[in-house]
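>>> Attaching a predicted model along with its sequence, questions to come.
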Amino acid sequence: MRRSKGLSFYEKKKRISVHMVREVFGMVFGTFAAVLLAFVLVFSAGMRTNVIGVSMEPTLYNGQQILINRFGYKLTSPKKGDVIVFLPNGNQNAHYYIKRVVALPGEKVQIIDGKLYVDGIAEDDESYDKMEEAGIAENEIVLKNDEYFVLGDNRNISEDSRSGNIGPVNKDTIYGKAWFHMSIGDEGMGLIQ
């Protein structure tokens, strides 16, 4: 018999072991559990909707998808600066409105010469345009318990609490807080400020 010189390689048959099956099953089960948990969390505590219109530009854009935290306001109340999602006057047939809270329950709101006044103090944020229309806020409005005054960030192209058909927003009609936006065009995804 002739022996070959040099190295020789033998192909070892791979066997499926019980350990390997358990490991693969564990990974598949873990992935399935994570997806199921994410699905349950999004649909029980959150929701997704689209921005309709340009009233929240430059923060949010028409057609942009946002995620809504429906659970947060069950524990706390909206704060100034929060971007909320609500149904105007609780109308189930309307689309969701997305606006920024500018005044809280018990505060006095008025718009004088295009500027927002809360409890007699002018808003000093120059990033918003001077409002051309004061609407119902031309006269001082005292917010009742659980009422919030909301404005769009694009204030001259926004139907908001200044409009007689919307007015102050009652907490019962607030669906949740807009907390995350999806990308649109060159815009990235991120938290809503």
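Everything's here; your move.
>>> Give the phi and psi angles for the nearest residue to residue 172 once chain neighbours are set aside, as a check.
Nearest residue to residue 172, sequence neighbours excluded (C-beta to C-beta, 6 or more residues apart in numbering): residue 90, at 6.6 Å. Backbone N, C-alpha and C define where each C-beta goes, glycine included. Main-chain torsions, residue 90, degrees, to the nearest 10: phi 70, psi 10.
>>> now do the one 3 residues further on
Here is the backbone geometry of residue 93 (degrees, to the nearest 10): phi -90, psi -10.
>>> ok, so what distance separates it from residue 84?
19 Å (C-beta to C-beta, to the nearest Å).
>>> So which of these two has more stuff around it?
The neighbour comparison of residue 93 against residue 84 (other C-beta atoms under 10 Å) goes to residue 84, with 24 against 5.
>>> Show me which residues of the helix or strand harbouring that one are buried.
According to DSSP states H and E, residue 84 maps onto strand 83-86. Residues of strand 83-86 classed as buried by neighbour count (16 or more other C-beta atoms under 10 Å): 83-86.
>>> Repeat that for stretch 87-103.
87-88, 96-103.
>>> Out of the residues you listed, name the two that are farthest from one another.
Pairwise distances across these (C-beta to C-beta) peak at 20.7 Å, for the pair 96 and 103.
>>> Output the below-cut-off pLDDT ranges for this structure.
1-14, 39-46, 183-193 (pLDDT under 70).
>>> Let me see the ranges of the strands in the chain.
46-50, 65-69, 83-86, 97-103, 108-112, 115-118, 121-122, 141-142, 147-151, 169-170, 174-181, 190-191 (DSSP state E).
>>> out of those, which comes closest to residue 134?
strand 108-112 (3.8 Å).
>>> what's the angle from that closest one to strand 147-151?
30 degrees (axes from the mean of the first three to the mean of the last three C-alpha atoms, to 10 degrees).
>>> Only C-alpha atoms, please: export the strand holding residue 84 in CSV.
Only the C-alpha atoms of strand 83-86 are listed here, as CSV (Å, rounded to 0.1, in the frame of the first residue of the first chain):
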residue,chain,number,x,y,z
VAL,A,83,-47.3,68.2,21.2
ILE,A,84,-50.7,66.5,21.6
VAL,A,85,-53.0,64.6,19.4
PHE,A,86,-56.8,65.2,19.9
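>>> same for that strand, what does it pack against?
strand 97-103, strand 147-151, strand 174-181 (3 or more C-beta pairs under 8 Å, 6 or more residues apart in numbering; DSSP states H and E).
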